[in-house]
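Visitor: mind looking at a prediction? Sequence and model below.
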Amino acid sequence: MNLSIDWNTTELLAIAGFALGLICSLFLFYVWIKYHRNRSHILLWSGGLTLFYIFLIPFIWANLGINVVLDKWTNFFIFTIPLIFLGWVLVYLGIIRVKLPLARKIPTIYYSLLFFWVLSSFFFYAIRFYSSGYQQLLSIIGIAVFFIAIHILILLALLDWIKKN
């Protein structure tokens, strides 16, 4: 099999970003195991980082000449966009977890609210990609309700963490 690849900057950056993300995620997972699985924030960050790069896999395969068959691109995005959002939620939970003293736990209601927020993102993006009208408006709403909101929560949690230290 003769594999001829014309590398360009975009493909190299995609592969480098994916490789760096995977290496960092595996390193964080190794650190979590090294600390005898008692530092949950490290595992949360490892999982979140892994989910950030999941959407790159089909693009990298296609650029490597591997035949990637997707019936509809919408099916791909229905799952990957909420998974990326889940990655951000895991990063946020890791920050919350590291801010708290070891003996204190995050309330169950907090986990429940975040779970339903992530679950609603799956429903929202299914509706967004299967609806025929208002796609731009739904995209803006999705970005605001899910991604901008979680980034604001992450920034507030980081600012609070910095103030405490």
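Guide: Arrived safely, thanks for sending. Residues are numbered from 1 along each chain as shown.
Visitor: give the helix, strand or coil label for Ile106.
Guide: Under DSSP: H, G, I helix; E, B strand; the rest coil, Ile106 falls in the coil class.
Visitor: just name the shakiest helix or strand of this structure by mean pLDDT.
Guide: helix 56-63 (a mean of 76; mean pLDDT, DSSP states H and E).
Visitor: and Thr108, how many neighbours?
Guide: 8 (other Cβ atoms under 10 Å). The way it works is simple: take the backbone N, C-alpha and C, and place the C-beta from them, glycine included.
Visitor: got the angle for the helix or strand that comes right after the least confident helix or strand of the chain vs helix 56-63?
Guide: Once helix 56-63 ends, the next helix or strand along the chain (criterion: DSSP states H and E) is helix 73-99. Compare the direction of helix 73-99 with that of helix 56-63 by axes from the mean of the first three to the mean of the last three Cα atoms, to 10 degrees and you get 130 degrees.
Visitor: tell me which strands and helices the next helix or strand after helix 73-99 is in contact with?
Guide: Downstream of helix 73-99, the first helix or strand assigned by DSSP H and E is helix 108-130. With contacts taken as 3 or more Cβ pairs under 8 Å, 6 or more residues apart in numbering; DSSP states H and E, helix 108-130 sits against helix 73-99, helix 135-142.
Visitor: got those helices as CSV, with mean neighbour count and distance to Leu51 columns?
Guide: Output for those, formatted as CSV (neighbours: other Cβ atoms under 10 Å; distance: least, Cβ to Cβ, whole Å):
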stretch, mean neighbour count, distance to Leu51
helix 73-99, 19, 3
helix 135-142, 13, 17
